[in-house]
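K.L.:
Structure for this input, please:
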Amino acid sequence: MKNTLILALLLFSSAIFSQEIDTDNWKTDLNFLKTELAKKHKNLFHKLSKTEFENGIDKIIRHLDNDTDIETSIKLTQLIAKVGDSHTDIKISHILKKSKSIPLNFYWFKDGYYVISTTKDNYEILDKKVIAINNFKTEQIIDSLKTLFVAENNALIHTNVARMLDNDVILKYFGFANPNDTSYTYEVVDANGIITKQTIHEEDSSFRNNKNKIITKVNTEKPFYNNNSVKIFKEEYFPNDKIYFVQYNKCVSKETIEKYGDKDTADNYPSFNEFEKTVLDKIENLDIDKLIFDIRFNPGGSSYLAEHLIDKIASNKKLNQKGKLFLVIGNKTFSSAIFNAIYFKEKTKAILIGEETGGKPNHYGYIKSFTLPYSSINVTYSSEFWKLIDEDTTTITPDVLIECSINDYKNGIDPIFEYVKTYQ
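P.N.:
Modelled structure (predicted):
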């Protein structure tokens, strides 16, 4: 692996990726980052020492004359990941300048990474598990990709790796593809255990925004959790099962934007106050036997937003009982949604079901940001530390682990709903 990586980096430097940011400007940016991040972050050196951080910056500076902008920015990403705070990060997509892309979308299911959408030309790879790329085993690739983010729990690894397995620039950086490659060999296995190799050609990155071009194979109507999944929050009553399903996908609303964000854009967001009123009215008037409160896809925002609703649910003696109330968490549950999960757990008798969370209970957060002047890299950092529980665990583990399979996904089944429906 070491020789492969060294050769790849040498080839990468002389390939089509060039240095557009002047070396002196990079030095200014990196030295600015070195001083400013240490001053602004709540506790930058809680894991990586000050000496290690500064030496890491200096090492990147020493290689500026030989490195491309892409190499410099990826090396910086790796250094920031070593800080050990998943809220502290840099945004480098404008430097990667991806005009081409591998037309595949991946999702982690309980036994691996599967292709869940692609273009019409590549339909044969759909619903198959990737086991190698260009003859490099997935496990080997994951080991490299984990250096680009804070891999503090399995949930973060699952979500981050899934969005990188189609990234041609990153695959080339680590030596899993040659610098001038425009096609990639994905080794995949189907439901019958048959292994095949599929050659996938790069396409214009705009294919991701072309809904008619992307195919997602779901054999039946999508389950509630995945239907209209872009909605920030939604609810539905299932009369046959007497189940009320509330999904809270983001801690953001018209009210939070008016209070903390760009007030001119507030009307683009739904009102949580109106949503809460709808939920409470239905709880009061419908014949509900079980309530599901789903935050499995919630990456955070403003944690206070849902607290009043949670208090109201907690005060409902009929529903706030074991076996009547269920809180769904998952690998995308992060940041302020972690606050909500812990608050829900403390206030109610809900059974926690789903997957381990991507966010840590005790974590650095309350994100702020600044921009490096010459590279235009946006730097996010934590300005507070939140200690929410006594035990310093890396994730919230559900009472009942329920992971979705590729067959569940294909057949439009939500194993969470099926578990609640049959719970006695």
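K.L.:
Would you confirm that G56 belongs to a strand?
P.N.:
No: looking at G56 with DSSP: H, G, I helix; E, B strand; the rest coil, it is helix, so not inside a strand.
K.L.:
hang on, isn't it packed against A81?
P.N.:
No: with contacts counted by Cβ atoms under 8 Å, G56 stays clear of A81, the gap being 10.8 Å. Glycine gets a C-beta too; all of them are placed from N, C-alpha and C.
K.L.:
Contact partners for F339?
P.N.:
When contacts are counted by Cβ atoms under 8 Å, 6 or more residues apart in numbering, F339 touches S303, W386, L388.
K.L.:
three-state assignment of it?
P.N.:
Classification of F339 using three-state DSSP returns helix.
K.L.:
mind checking how far it is from I351?
P.N.:
19 Å (Cβ to Cβ, to the nearest Å).
K.L.:
residue ranges with poor pLDDT in the stretch 51-200 of the chain?
P.N.:
99 (pLDDT under 70).
K.L.:
can you do 90?
P.N.:
Residue ranges of the stretch 51-200 of the chain with pLDDT under 90: 96-101, 117-121, 123.
K.L.:
got the buried residues for stretch 311-320?
P.N.:
I313, A314, N316, L319, N320 (16 or more other Cβ atoms under 10 Å).
K.L.:
now do stretch 279-288
P.N.:
V279, K282, I283, I288.
K.L.:
Equivalent analysis for stretch 126-146, please.
P.N.:
126-130, 132-134, 136, 138, 141-142, 144-146.
K.L.:
CA atoms only for that stretch - export them in PDB, please.
P.N.:
What follows is stretch 126-146, C-alpha atoms only, in PDB (Å, rounded to 0.1, in the frame of the first residue of the first chain):
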ATOM      1  CA  LEU A 126     -28.100  -1.200  -8.900                       C
ATOM      2  CA  ASP A 127     -28.800  -2.900  -5.600                       C
ATOM      3  CA  LYS A 128     -25.400  -4.600  -5.500                       C
ATOM      4  CA  LYS A 129     -22.800  -4.500  -2.800                       C
ATOM      5  CA  VAL A 130     -19.400  -3.000  -3.700                       C
ATOM      6  CA  ILE A 131     -16.500  -5.200  -2.500                       C
ATOM      7  CA  ALA A 132     -13.700  -3.600  -4.500                       C
ATOM      8  CA  ILE A 133     -12.800  -0.600  -6.700                       C
ATOM      9  CA  ASN A 134     -10.100  -1.100  -9.300                       C
ATOM     10  CA  ASN A 135      -9.000  -4.300  -7.500                       C
ATOM     11  CA  PHE A 136      -8.600  -2.500  -4.200                       C
ATOM     12  CA  LYS A 137     -10.800  -4.100  -1.500                       C
ATOM     13  CA  THR A 138     -13.400  -1.900   0.100                       C
ATOM     14  CA  GLU A 139     -11.800  -2.400   3.600                       C
ATOM     15  CA  GLN A 140      -8.500  -1.000   2.300                       C
ATOM     16  CA  ILE A 141     -10.200   2.000   0.800                       C
ATOM     17  CA  ILE A 142     -12.200   2.700   4.000                       C
ATOM     18  CA  ASP A 143      -8.900   2.700   6.000                       C
ATOM     19  CA  SER A 144      -7.700   5.600   3.800                       C
ATOM     20  CA  LEU A 145     -11.000   7.500   3.700                       C
ATOM     21  CA  LYS A 146     -11.300   7.400   7.500                       C
END
